[in-house]
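Trainee: What follows is a predicted structure for the sequence shown.
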Amino acid sequence: MKLQTALENLEFFAYHGLYPEEREKGGFFKVDIWIDEEVPDNKDLTDLSNLINYEQLYTIVQEEMHVRRNFIEDLAKTILQRISHFLLEREVIVTVKVTKQNPAGKFGSGSASVTLQG
């Protein structure tokens with residue numbers, strides 16, 4: 001069977017961006033993570049050692065949000081790589097989406113996002 005573990009709509013205030021005002025004033029970002037894996041039907045899903053600990057995933061995202069980057073693509077890539085490394089012993093597909101709300105204050109509304117899968 002397929003098991004998906006997800007963290008969705010994680011909100012952060014951070015200082016990512018190429019423009020000086022983004023790096024000085026900061027802005028709001030959302031991060032979504034989906035981890036898909038095939039698990040045997042008889043796997044005990046009441047045992048934490050058989051599950052993906054989403055608190056540890058959150059910690060990875062939180063740490064990376066503190067590292068200033070010019071591009072959300074780089075941020076998404078680093079989060080994806082760290083989660084993949086953390087789950088190295090499992091055969092999983094990790095998808096990371098980073099959304100920047102009102103980029104550079106120039107949109108008036110809306111957001112920009114990137115999604116990476118690996």
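Mentor: Great, that's in hand. Numbering: from 1, shown residues only.

Trainee: low-scoring stretches of this protein, by residue?
Mentor: Scanning the chain with the threshold set as pLDDT under 70 gives 105-107.

Trainee: Now do the helices in it.
Mentor: Applying DSSP state H to the chain gives helices spanning 20-25, 54-65, 72-86.

Trainee: Of all those, which one is nearest residue 36?
Mentor: Of all these, it is helix 72-86 that lies closest to residue 36, at 12.4 Å by C-beta to C-beta. (Each C-beta comes from the backbone N, C-alpha and C, glycine too.)

Trainee: List the buried residues of that closest one.
Mentor: Of the residues in helix 72-86, 72, 75, 76, 77, 78, 79, 80, 81, 82, 83, 84, 86 count as buried by neighbour count, 16 or more other C-beta atoms under 10 Å.

Trainee: Might you report the residue contacts of the first one?
Mentor: Which is residue 72. Shown in contact with residue 72 (C-beta atoms under 8 Å, 6 or more residues apart in numbering): 16, 29, 98, 99, 100, 112, 113, 114.

Trainee: cutoff 7 Å now
Mentor: With contact set as C-beta atoms under 7 Å, 6 or more residues apart in numbering, residue 72 has these partners: 16, 98, 100, 114.

Trainee: ok, back up a step: for the helices of the chain, which one sits closest to residue 39?
Mentor: For the helices of the chain, proximity to residue 39 was assessed by C-beta to C-beta; helix 54-65 is nearest, at 15.8 Å.

Trainee: Please save the CA atoms from the closest one in CSV.
Mentor: What follows is helix 54-65 as a C-alpha-only set of coordinates in CSV (Å, rounded to 0.1, in the frame of the first residue of the first chain):
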residue,chain,number,x,y,z
TYR,A,54,7.2,14.8,11.0
GLU,A,55,8.5,16.8,13.9
GLN,A,56,12.0,16.0,12.7
LEU,A,57,10.9,17.1,9.2
TYR,A,58,9.6,20.4,10.6
THR,A,59,12.9,21.0,12.3
ILE,A,60,14.8,20.6,9.0
VAL,A,61,12.5,23.1,7.3
GLN,A,62,12.7,25.5,10.2
GLU,A,63,16.6,25.4,10.2
GLU,A,64,16.7,26.0,6.4
MET,A,65,14.3,29.0,6.6
